[in-house]
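A.B. asks: just to be clear, the model below is a prediction. Sequence and coordinates:
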Amino acid sequence: MKAIVNVFLKEGVLDPQGKAVHHALASLGFNDTKDVRVGKQIVLELTTTDMAKAEAEVKEMCETLLANTVIEDYSIEIA
């Protein structure tokens, strides 16, 4: 079973990397971009086949290590 975790800065938290990408896109002529937020994606290969257990375990991983929940949000997709 695979878990995909997307981690991104909370709204209102300054995203300097996103601003840099936004500026670079504009300088390349892509002017229809209103805002850019940069995050990270973590793909986990799990051994469990229990969907509920997998989701609970990955949520605990996010809360403990994978995301800084003070400034970051995350979403989990179990595939």
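C.D. replies: Happy to help now that I have it.

A.B. asks: let me know the pLDDT of the residue lying farthest from the centre of the chain.
C.D. replies: Relative to the centre of the chain, the most outlying C-alpha is that of G29, 26.8 Å out, by C-alpha atoms, centre = their mean. For G29, the pLDDT comes out at 97.

A.B. asks: I'd assumed it was in a strand, is it?
C.D. replies: No - according to DSSP: H, G, I helix; E, B strand; the rest coil, G29 belongs to no strand; its state is coil.

A.B. asks: roughly how far apart are it and K19?
C.D. replies: Relative to K19, G29 is positioned 18 Å away (C-beta to C-beta, to the nearest Å). Glycine gets a C-beta too; all of them are placed from N, C-alpha and C.

A.B. asks: try T69
C.D. replies: With distances taken as C-beta to C-beta, T69 is found 23 Å from K19.

A.B. asks: likewise for E77?
C.D. replies: For E77, the distance to K19 - C-beta to C-beta - is 27 Å.

A.B. asks: same deal with D35?
C.D. replies: 9 Å.

A.B. asks: who's more crowded, those two?
C.D. replies: Between D35 and K19, counting by other C-beta atoms under 10 Å, K19 is the more crowded of the two (14 against 8).

A.B. asks: where does that one land on pLDDT?
C.D. replies: So, for K19, pLDDT stands at 97.

A.B. asks: kindly report the same for A54.
C.D. replies: For A54, pLDDT reads 97.

A.B. asks: my read: G18 touches L25, true?
C.D. replies: No - in this structure G18 lies outside contact range of L25 using C-beta atoms under 8 Å: 10.5 Å.

A.B. asks: joint contacts of these two?
C.D. replies: Here G18 and L25 share the contacting residues V36, scored by C-beta atoms under 8 Å, 6 or more residues apart in numbering.

A.B. asks: check contacts around the residue nearest to M1 when sequence neighbours are not counted.
C.D. replies: Nearest non-adjacent residue to M1, counting by C-beta to C-beta, 6 or more residues apart in numbering: L46, 4.6 Å away. By C-beta under 8 Å, 6+ apart, the contact set of L46 is M1, K2, A3, A54, E57, V58.
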